[in-house]
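Asker: Got a sequence here, can you model it:
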Amino acid sequence: MKTFRLIIGILIIASCQNIFSQSALNQYKYIVIPNQFDFLKGRDQFQINSLTKFLFNKNGFKALLDDDKFPEDLFNDRCLAAYANVLKVKGGFLRTKLQIEIKDCYGEVIYVSEIGSTKEKLYEKAYNIAVRKAFESVNGLGYTYKPLESKPEKQVVKKKSIVTNNQVIPKPKNTEIIEAKKPTGVTQKVELIKNDESKEVLYAQEIEG
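Answerer: All right, here's what the predicted structure looks like:
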């Protein structure tokens, strides 16, 4: 009974991991593969890199090698792609073991396949078989590109600018205010004076009031 529960638990965990891996990969439009894997001695030795590209394309991915011409959108944004690698797993007497690892553009691992292994002695055949077996777990992912919804841009509230005429209104200069003084009560009185020649002469005289 305990063994049965353990098996069920393992299956549930594996299923959850599979769903998570699928959703994680679906957001990537491309898969980029290096021209040479670390365990190989030359560029695309035994055509293992080309085989990896072929198998990704077969599973619905848009796979590219490092030296392929990148689409414009990927050229401008490298995070549209995930980055695949094939690793050689140590251990296992007389067995060749390979595993597929996929990272995001920041170098974080987002998927690791099951190990593909073979007892084939010839490296050329052994690597080919092991890669294909490792891809059996990739086949079950059911990859479909589903881009992440873009985050809504923050709305910038623009303040309405008040348009005014750029006229500089000069400040009034400091001027002396002259108050009209009231008359001091000085009036003029016209006095009629006769001179010797009996001519009438008018003189204006001030009279203080």
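Asker: Name the nearest residue to residue 57, sequence neighbours excluded.
Answerer: residue 63 (4.9 Å; CB to CB, 6 or more residues apart in numbering). C-beta here means a position set from N, CA and C on the backbone, and glycine is covered the same way.
Asker: Return the residues in contact with the one you found.
Answerer: Residue 63 makes contact with 30-33, 52-54, 56-57, 84, according to CB atoms under 8 Å, 6 or more residues apart in numbering.
Asker: Mind listing the strands the host helix or strand of it pairs with, and their directions?
Answerer: Applying DSSP states H and E as the criterion places residue 63 in strand 62-65. Strand 62-65 has the following strand partners under DSSP bridges: strand 30-33 (parallel).
Asker: pLDDT on the next helix or strand after the partner strand, on average?
Answerer: Where DSSP H and E defines the elements, the next helix or strand beyond strand 30-33 is helix 48-58. Throughout helix 48-58, pLDDT has a mean value of 98.
Asker: Ok, stretch 119-129 next?
Answerer: 96.
Asker: What lies in contact with that stretch?
Answerer: 40, 46, 48, 51, 94-96, 98, 116, 118.
Asker: What are the buried residues along it?
Answerer: 120, 126-129 (16 or more other CB atoms under 10 Å).
Asker: Can I get those in a markdown table including distance to residue 139 and secondary structure?
Answerer: Converted to a markdown table, the buried residues of stretch 119-129 look like this (distance: CB to CB, whole Å; DSSP: H, G, I helix; E, B strand; the rest coil):
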| residue | distance to residue 139 | secondary structure |
| --- | --- | --- |
| 120 | 21 | coil |
| 126 | 20 | helix |
| 127 | 19 | helix |
| 128 | 16 | helix |
| 129 | 15 | helix |
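Asker: Neighbour-wise, which one of the contacts of stretch 119-129 leads?
Answerer: Taking other CB atoms under 10 Å as the neighbour criterion, residue 98 ranks highest of the contacts of stretch 119-129 with 27 neighbours.
Asker: Let me see the confidence value for that residue.
Answerer: pLDDT for residue 98: 98.
Asker: Phi, psi for it please.
Answerer: The phi/psi pair for residue 98 (degrees, to the nearest 10) reads phi -130, psi 150.
Asker: Residues in a beta bridge with it, which ones?
Answerer: residue 88, residue 116.
Asker: My reading is that residue 100 lies in a strand. Confirm?
Answerer: Yes - the assignment for residue 100 by DSSP: H, G, I helix; E, B strand; the rest coil puts it in a strand.
Asker: Please name the nearest non-neighbouring residue to it.
Answerer: Leaving aside its chain neighbours, residue 100 sits nearest to residue 113 (3.9 Å; criterion: CB to CB, 6+ apart).
Asker: likewise residue 118?
Answerer: Nearest non-adjacent residue to residue 118, counting by CB to CB, 6+ apart: residue 129, 4.3 Å away.
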